[in-house]
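Chemist: give me coordinates for this.
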Amino acid sequence: MNKRTLLFIILGLIAVIVASSLIIYQNSVLTPQGSGVVWKRPIENFATGLAADTGKVFTMDISGNVNCYDIQNGKSIWNGSSVGGYFAAGLTVAEGRVYGGSEYASVGCLDETTGQFQWSFTGDIDHRQAPDNIIVKDGRVFTIAEGVSAIVSAHNATTGQLLWQTPYIFGTFGNITDLNTWWASGFPLGGDPFEGNSVYALGGNESSPYIFKLNTDNGSILWRANITVFSGLPSVLATYQGQAIIQNSNQIFSLNETSGDSLWSIDVGASIYQPTVYNGLLLFAASDGNFYALNLADGKLAWKTKVDNQNLLSQVNETNTLTTYPIQVDAQNQRVYWSFGVTQQLGTTSENKHDRYTGTICSLDLATGKVIWTRQIEDSGVFYSPPVGLVFNKDAVFLTENNVLWIFSASTGNLARNQHFDHYVLPPVASDNEVFVAADLNLTAYG
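Modeler: Numbering: from 1, shown residues only. From the prediction side, this is the model:
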């Protein structure tokens, strides 16, 4: 082989390498090795919303711009489609559409496959906040925007047509109305109070409250049930085998879906955290330091276990804030994962502001409540209370707090990875056996 031939071969190899590098750069997808990272790609703006569906992962920024990526390799499928408006929040993917909220209690809808704009509506020009809870079911889009006043509305999922809307002003109950033919004094409960063409609502007044079930097609009240304890807005946790399971302050109670008759109730005498329904059980933690499992069929206690052995919950006060995480269940290995923490303010002025975070993550046996393992989490710095997340996937538990990502072994609790970011990190989401994390200006998939 002469020098000239060798030179052509070298130049050809260089061209192939450069072309491959350009392809990778154009797709802006990086694939680091180790640490369970499947792929990593830069994103144009800081993400305020993160969601996943089969084969796709989505980000949304503060201006309402939505981008869609391939879940396997991070390559862009479509980008730049806007749900409209600023201060975007509440990114939701359901029934082939992507929904996002923005200021003025507005919601925009995009086609999930193409990103093409479908419709949008403005809830209230006097309401500055974006809806932080968008629920899609039975061909309807229900939105809840909270603040000094709140807007709850129902829209047709295909056309965006307004079906009904209710305001809520602190200290009074508003009106559920279709704006034309009827109204009922009340306000939809928290959680998920929507069921087909009916809604569970709070009525009466603060001295004599009651819960009623309302037919939203014609305004008829199907039933009403008095409640004796009233603190904040009750929440519908689930509907289960003909029951509506409702939380009211320290109490969990069940009402017959058809008649409103009381079926069972339990008062744990402590604040309830993160109630979660799984396979006939209601799982929740409480401020007494215990983790509970109730049988939904009769409300009887299946088990309870002390999980706050460091007495962190007793430290919660006006300056020490509590963070609780969503409960996760490993169905295959019958394990429950939960975490909570307390942020202590060590300085109160801008010059000396400094916070210390102390938390606990634990794994419990689903059948017995036995503690499998616990681990302590500690962090310090300036905390801005971003949304936190806890996700289980395969043999890993992903947890975020402030600007930190923690990854633990699900079987042993050993720390596998701990990463600080320059800014905040969004709560992780899991789909297709991967977990996705948006932090700083990157979107990362972990296997």
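Chemist: ok, residue 196 - contacts?
Modeler: residue 138 (Cβ atoms under 8 Å, 6 or more residues apart in numbering). For the C-beta atoms, the positions are set from N, CA and C on the backbone; glycine is no exception.
Chemist: quick one: it from residue 231, how far?
Modeler: Note on residue 196: its distance to residue 231, by Cβ to Cβ, to the nearest Å, is 29 Å.
Chemist: quick one, strands of the stretch 251-400 of the chain?
Modeler: Along the stretch 251-400 of the chain, counting by DSSP state E, counting those that start in this stretch, strands occupy 251-256, 262-267, 272-278, 281-286, 290-295, 301-306, 320-324, 328-330, 335-345, 355-365, 371-381, 389-393, 396-401.
Chemist: would you turn these into CSV with distance to residue 408 and mean neighbour count?
Modeler: Below are the strands of the stretch 251-400 of the chain laid out as CSV (distance: least, Cβ to Cβ, whole Å; neighbours: other Cβ atoms under 10 Å):
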stretch, distance to residue 408, mean neighbour count
strand 251-256, 30, 21
strand 262-267, 32, 15
strand 272-278, 18, 18
strand 281-286, 18, 23
strand 290-295, 18, 20
strand 301-306, 19, 15
strand 320-324, 17, 17
strand 328-330, 12, 20
strand 335-345, 9, 22
strand 355-365, 7, 20
strand 371-381, 6, 15
strand 389-393, 10, 22
strand 396-401, 5, 24
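Chemist: pLDDT weak spots in the stretch 201-350 of the chain?
Modeler: 229-230, 347-350 (pLDDT under 70).
Chemist: mind giving me the domain split of this protein?
Modeler: Domain segmentation of the chain under automatic domain parsing yields 36-137, 308-447.
Chemist: deepest-packed of those, please.
Modeler: The highest average neighbour count among those, using mean count of other Cβ atoms under 10 Å, belongs to domain 36-137 at a mean of 19.
Chemist: averaged pLDDT, that one. What do you get?
Modeler: The pLDDT scores in domain 36-137 average 89.
Chemist: list the residues that contact the closest residue to residue 361 other than its chain neighbours.
Modeler: Closest residue to residue 361 apart from its sequence neighbours, by Cβ to Cβ, 6 or more residues apart in numbering: residue 339 at 4.0 Å. Neighbouring residues of residue 339 by Cβ under 8 Å, 6+ apart: 324, 325, 359, 360, 361, 362, 377, 390, 399.
Chemist: against residue 333, how distant is residue 339?
Modeler: Relative to residue 333, residue 339 is positioned 18 Å away (Cβ to Cβ).
Chemist: and stretch 412-429, how far out from the chain's middle?
Modeler: Averaged C-alpha coordinates place stretch 412-429 at 17 Å from its chain's average position (Cα atoms, centre = their mean, to the nearest Å).
Chemist: now the contacts of residue 339 in JSON lines, with distance to residue 48?
Modeler: As requested, those are exported to JSON lines (distance: Cβ to Cβ, whole Å):
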{"residue": "324", "distance to residue 48": "22"}
{"residue": "325", "distance to residue 48": "20"}
{"residue": "359", "distance to residue 48": "24"}
{"residue": "360", "distance to residue 48": "28"}
{"residue": "361", "distance to residue 48": "26"}
{"residue": "362", "distance to residue 48": "30"}
{"residue": "377", "distance to residue 48": "25"}
{"residue": "390", "distance to residue 48": "20"}
{"residue": "399", "distance to residue 48": "20"}
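Chemist: could you work out the most separated pair of those residues?
Modeler: Maximum pairwise distance in the contacts of residue 339, criterion Cβ to Cβ, is 13.3 Å, between 324 and 377.
Chemist: ok, how many other residues are close to residue 226?
Modeler: 11 (other Cβ atoms under 10 Å).
Chemist: can you name the residues that contact the closest residue to it other than its chain neighbours?
Modeler: Excluding the flanking residues, the one nearest residue 226 by Cβ to Cβ, 6+ apart is residue 210, at 4.8 Å. When contacts are counted by Cβ under 8 Å, 6+ apart, residue 210 touches 202, 203, 204, 224, 225, 226, 227.
Chemist: of those residues, which is the most crowded?
Modeler: Busiest of the contacts of residue 210 [other Cβ under 10 Å] is residue 202, holding 23 neighbours.
Chemist: partner strands of the one helix or strand that one maps to, with direction?
Modeler: Take DSSP states H and E as the rule and residue 202 turns out to sit in strand 198-204. Under the criterion DSSP bridges, strand 198-204 sits next to strand 187-188 (antiparallel), strand 194-195 (antiparallel), strand 209-215 (antiparallel) in its sheet.
Chemist: just the angle between that strand and strand 251-256, please?
Modeler: Here strand 198-204 runs at an angle of 120 degrees relative to strand 251-256 (axes from the mean of the first three to the mean of the last three Cα atoms, to 10 degrees).
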